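In: need coordinates for the below:
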Amino acid sequence: SVVADIGAGSGFFTRRIAQHIPAGKVIAVDIQPEMLAILSDKAAAEGIENIETVLATEQSLNLPPNSIDLALFVDVYHELAQPMEVMRELRIALKPGGKVVLIEYRAEDPSVPIIPVHKMTATQARLEMEAADFRFVENLDVLPIQHFLIFSRDASKPR
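Out: A predicted model of the protein is given here:
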C-alpha cells in the first residue's frame with residue numbers, strides 16, 4: 001500500500017502509519033520544508049525507512065498519477081487555499097479504487113471547542129468532494145468531536 005499523509009506536519013500520523021505497513025510506503029506531503037525536515041529526522045531516529053517526503057505548494061500536491069492507494073487529511077482539508085485544484089490533482093494521483101479520508105472537526109456541534117473556521121459540516125465536505133468527482137463512501141461515527149469521512153475516486157467520471 002501507498003498512503004499519502006497530506007499536511008503531514010511533523011509526522012505524527014505518518015510515522016505511525018509507516019510502522020503498520022512495513023512492506024508499503026507513506027508519502028508525507030506538506031507545504032513547509034521545515035516540517036518535512038523535522039519529520040525526516042524523527043523517522044530516522046526511530047529507524048523508520050518507508051517514508052518519502054514531498055514538498056507541495058498551495059496549488060499542487062506534486063504526486064505522480066496513479067501513485068497512491070489512500071490519502072489522509074487530518075484537520076487539513078479546511079486549511080487548503082485552493083481545495084478544488086488540490087482535490088482534482090489528488091484524484092489523478094489516486095490508483096483505481098483509491099480512497100480519501102477526511103478527518104474534520106464537526107461544525108454541526110456547537111459544543112466542539114474549536115473556532116468555527118477550523119470546522120466543517122459533513123454536508124459541506126460531501127458537496128466539495130463530490131464537485132471534485134469523488135464519491136461519498138461513509139462517515140464513520142468513531143471520533144467524539146470529528147467527522148471521519150471516506151470518499152473514493154468516482155470511476156464513472158473521466159480523469
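
In: ok, and the closest non-adjacent residue to residue 81?
Out: Spatial nearest neighbour of residue 81, excluding adjacent residues (CB to CB, 6 or more residues apart in numbering): residue 58 at 4.3 Å. To be clear about C-beta, it is placed using only N, CA and C from the backbone, and glycine gets the same treatment.

In: count of neighbours near the one you found?
Out: The number of residues packed near residue 58 is 11, by other CB atoms under 10 Å.

In: remind me, longest strand of the protein?
Out: Taking DSSP state E as the criterion, the chain has its longest strand at strand 94-106.

In: so where is the protein shaky, pLDDT-wise?
Out: Residue ranges of the chain with pLDDT under 70: 154-155, 157-159.

In: got the buried residues for stretch 33-42?
Out: 35-36, 39-40, 42 (16 or more other CB atoms under 10 Å).

In: meant to ask about stretch 42-50, not that
Out: By 16+ other CB under 10 Å, the buried positions in stretch 42-50 come out as 42-43, 48, 50.

In: do stretch 149-156 as well
Out: Residues of stretch 149-156 classed as buried: 149-153 (neighbour count, 16+ other CB under 10 Å).

In: tabulate the CA atom coordinates of it in PDB.
Out: Extracted C-alpha coordinates of stretch 149-156, given in PDB (Å, rounded to 0.1, in the frame of the first residue of the first chain):
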ATOM      1  CA  LEU A 149     -15.400  10.900   6.100                       C
ATOM      2  CA  ILE A 150     -14.400   8.300   3.500                       C
ATOM      3  CA  PHE A 151     -14.500   9.000  -0.200                       C
ATOM      4  CA  SER A 152     -13.400   7.100  -3.300                       C
ATOM      5  CA  ARG A 153     -12.400   8.200  -6.700                       C
ATOM      6  CA  ASP A 154     -15.600   8.200  -8.800                       C
ATOM      7  CA  ALA A 155     -14.600   5.700 -11.500                       C
ATOM      8  CA  SER A 156     -17.600   6.800 -13.600                       C
END
